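Asker: the sequence and its predicted three-dimensional model are supplied below.
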Amino acid sequence: MSILDNGSQVSVFVEGLDHPEGIAWGLDGYAYAGGEAGQLYRIDVERREVVQFADTGGFVLGMALDARHNIYACDAGNRAVMRITQGGAVSVYSSGTADEPFRVPNYPAFDADGNLYVCESGDWHADDGMVYRIGPGGETEVWDRRPKEFPNGLCMGPDGDDLYVAMSVNPPRVDRIEIGEDGRPGRIETVAEFPRTVPDGVAFDADRNLYVSMYRPDMIYRRTPEGRIDVLAEDFEGTLIAAPTNIAFCGRERDVLLSTNIGRWHITRYEVGAVGHPLNYPDIG
């Protein structure tokens, strides 16, 4: 374990992955991650062992799991959200809509009703991104066009009635989108700005602190419920923390904060003394 300049305790958790971007915790007691050549990895958090069990043939980005431990992975190579079973069977869950198919589906998150919200990043600096919503079973719609500046990672808010989206550019920030009682997007507001960075992943802990990982530079911020923003960890060398993309609280107590490093071949652990906010794992058949 290393102690960085700001006092954070950070260590390499597991190695041997292929430039991983997505990471998620499953109810079966394993963490899951993806690789840039379509690999799906199952990670035993207690033994710190990694096994590849599936391959989409694409480029796996963000992911989420359901109650039956199926993985829903955004795949930039296949331009789809792929569904992967524990037996390694791979199928297309959604390719977007008929009129507007996915181009760069980047990150998914479930709500309590089994709807899967997906950031479509679009082209870099083209401001043509959006957020889709996939209903249980795969019916897909464009949900909100306003978060267009390369929407990246997203997560449900602690109360389940809003969505937090990492906007990578123009300007780099995190936006909050209200989910109305009718399911439609409501008010949108910026909750944090991060100049001269590229926000990528977001996650809440049980105390409502928001963690934001940065593709550039190599660091992670933590925003308190009162709005104070602190540097949780940074690595100017870019070796221990190397383009941290997605983050997730893992472990049976959700007390292990992990980040993937698309610039390297390992997953990083952060000692933060916090428990992750519970996620949604719907049973959608």
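Answerer: Right, received. Where do you want to start?
Asker: so which strand or helix has Asp200?
Answerer: Using DSSP states H and E, Asp200 falls within strand 198-204.
Asker: which residues are contacting that strand?
Answerer: Here strand 198-204 makes contact (Cβ atoms under 8 Å, 6 or more residues apart in numbering) with 62, 107, 152-155, 157-158, 164-169, 172-174, 210-216, 244-249, 257, 259, 276-277. Where C-beta positions appear, they are placed from N, C-alpha and C, glycine not excepted.
Asker: and what of stretch 236-247?
Answerer: Applying Cβ under 8 Å, 6+ apart, the external contacts of stretch 236-247 come out as 2, 4-5, 10-12, 20-24, 61-62, 107, 153, 200-203, 211, 213-220, 233-235, 257-264, 268.
Asker: run through who's touching stretch 214-230.
Answerer: 152, 168, 174, 191-192, 194, 197-200, 207-213, 231-238, 241-245, 247, 259, 262-263, 270, 272.
Asker: quick one on the thing from earlier: from the contacts of stretch 236-247, which would you call buried?
Answerer: The neighbour count (16 or more other Cβ atoms under 10 Å) marks 4, 10, 12, 20-24, 61-62, 107, 153, 200-203, 211, 213-216, 218-220, 233-235, 257-264, 268 as buried among those.
Asker: quick check: which ranges of the stretch 1-150 of the chain have low pLDDT?
Answerer: 1-8 (pLDDT under 70).
Asker: all strands for it, in order.
Answerer: With strands called from DSSP state E, counting those that start in this stretch, the stretch 1-150 of the chain shows them at 2-3, 9-15, 23-25, 31-34, 39-44, 49-55, 60-65, 71-75, 80-84, 90-94, 105-110, 116-120, 130-134, 140-144.
Asker: by contact count, what packs against the fourth one?
Answerer: It refers to strand 31-34. With contacts defined as 3 or more Cβ pairs under 8 Å, 6 or more residues apart in numbering; DSSP states H and E, strand 31-34 has these neighbours: strand 23-25, strand 39-44, strand 60-65.
Asker: just the CA coordinates of it, formatted as CSV?
Answerer: Provided in CSV are the C-alpha atoms of strand 31-34 (Å, rounded to 0.1, in the frame of the first residue of the first chain):
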residue,chain,number,x,y,z
ALA,A,31,-17.0,-7.8,-8.4
TYR,A,32,-17.0,-7.6,-12.2
ALA,A,33,-14.9,-5.7,-14.7
GLY,A,34,-14.4,-5.5,-18.4
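Asker: quick check: neighbours of it in the sheet, parallel or antiparallel?
Answerer: According to DSSP bridges, strand 31-34 forms sheet pairs with strand 23-25 (antiparallel), strand 39-44 (antiparallel).
Asker: compare the ones you listed and give me the one nearest Val142.
Answerer: With Cβ to Cβ as the measure, strand 23-25 is the member of these nearest Val142 (24.0 Å).
Asker: show me the contact partners of the closest one.
Answerer: Contact with strand 23-25 is made by 31-33, 62-65, 71, 246-251, 254, 258-260, 267, 276, 279, as judged by Cβ under 8 Å, 6+ apart.
Asker: still on that earlier bit, and the next element down the chain from the strand holding Asp200?
Answerer: Strand 198-204 is succeeded, C-terminally, by strand 210-216 (DSSP H and E).
Asker: relative to the whole chain's centre, how far out is that following strand?
Answerer: 10 Å (Cα atoms, centre = their mean, to the nearest Å).
Asker: list the contacts for Gly34?
Answerer: Gly34 makes contact with Pro20, Glu21, Gly22, Leu40, Tyr41, Val60, Leu61, Met63, Ala73 under the criterion Cβ under 8 Å, 6+ apart.
Asker: quick one: the second one from Thr97, how far?
Answerer: Meaning Glu21. To Thr97, Glu21 is 24 Å away according to Cβ to Cβ, to the nearest Å.
Asker: report the buried residues of the longest strand along the chain.
Answerer: In the chain, with assignment by DSSP state E, the single longest strand is strand 185-193. For strand 185-193, a neighbour-count test (16+ other Cβ under 10 Å) marks Pro185, Ala192 as buried.
Asker: again with stretch 225-244
Answerer: For stretch 225-244, by 16+ other Cβ under 10 Å, it's Leu232, Ala233, Glu234, Asp235, Gly238, Leu240, Ile241, Ala242, Ala243, Pro244.
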